[in-house]
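Asks: have a look at this fold, sequence not included:
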């Protein structure tokens, strides 16, 4: 098998080979290949939803740890694994994100001593300059409902097809098309002066 590149396009045969090697041999190279193919995709999805790099990175680590523990539960389909497997991973990432958000909501306050320890050493001005466009996009996306936001993230940030998005969100392709249309219309309205 050729060397896997980070975030490479998904090929059915390569994906099946990696899954089989991971399932039957516990091959670390197969898990590395799956990580290279999907980690950046999952990270972008989570970052766009959460807006915090450190939390998105933590959830990605949890997703791939869970993948290593539960890869034997994935049943290779006769076809369309390049759609089904990513949908399974995105659903796993979504569920992990919900778990983390629930835990964060339970932690109401942080003491001033802890806040100082958590403060990033990067200059505030640099952080603001690097994140201003991203923050504006996140703010506007937060005006949409959860399903509209998910469709736009999967379709336009992740570049997934209608079919892949439908699989991940467990909806029909027609429902995804309608939801995407409504989402874009609402986004256009929010962005108009």
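Replies: Received it, and whenever you're ready, just let me know what you need. Note that the structure is predicted; figures quoted are calculated from it, not measured.
Asks: residue contacts, the residue lying closest to residue 42 once chain neighbours are set aside?
Replies: Leaving aside its chain neighbours, residue 42 sits nearest to residue 93 (4.9 Å; criterion: C-beta to C-beta, 6 or more residues apart in numbering). The C-beta positions use only the backbone N, C-alpha and C, and glycine is treated the same way. For residue 93, the contact set (C-beta atoms under 8 Å, 6 or more residues apart in numbering) comprises 42, 45-46, 59-60, 63.
Asks: got TSV for those residues, with secondary structure and neighbour count too?
Replies: Formatted as TSV, the contacts of residue 93 follow (DSSP: H, G, I helix; E, B strand; the rest coil; neighbours: other C-beta atoms under 10 Å):
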residue	secondary structure	neighbour count
42	helix	24
45	helix	25
46	helix	26
59	helix	26
60	helix	23
63	helix	24
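Asks: closest one of those residues to residue 104?
Replies: Of all those, residue 59 has the smallest distance to residue 104: 11.4 Å, by C-beta to C-beta.
Asks: test my guess that the closest one contacts residue 97.
Replies: Yes - under the criterion of C-beta atoms under 8 Å, residue 59 makes contact with residue 97 at 5.6 Å.
Asks: mutual contacts of these two, please.
Replies: Counting by C-beta under 8 Å, 6+ apart, the shared contacts of residue 59 and residue 97 are 46, 50.
Asks: where along this structure do the helices fall?
Replies: Applying DSSP state H to the chain gives helices spanning 12-25, 28-50, 53-70, 81-106, 112-118, 124-142, 146-152, 162-169, 173-191.
Asks: buried set for the first one?
Replies: Going back to what we said before, that points to helix 12-25. Within helix 12-25, the residues scored as buried using 16 or more other C-beta atoms under 10 Å are 14-16, 18-19, 21-23.
Asks: follow-up on the earlier one: quick check, nearest of the contacts of residue 93 to residue 72?
Replies: Within those, proximity to residue 72 (C-beta to C-beta) peaks at residue 63, which comes in at 16.3 Å.
Asks: quick check: pLDDT value at the closest one.
Replies: For residue 63, the pLDDT comes out at 93.
Asks: same question for residue 93.
Replies: Residue 93 is given a pLDDT of 91.
Asks: and the one 5 residues further on, by the same measure?
Replies: If you check residue 98, the pLDDT there is 86.
Asks: and for the one 5 residues further on?
Replies: For residue 103, the pLDDT comes out at 82.
Asks: can you count the residues close to it?
Replies: 9 (other C-beta atoms under 10 Å).
Asks: of the contacts of residue 93, closest to residue 179?
Replies: For those, the nearest to residue 179 is residue 45 (16.8 Å; C-beta to C-beta).
Asks: pLDDT score assigned to that closest one?
Replies: Looking at residue 45, the pLDDT reads 89.
Asks: contacting residues around it?
Replies: 90, 93, 153-154, 157-158.
Asks: no further questions, thank you.
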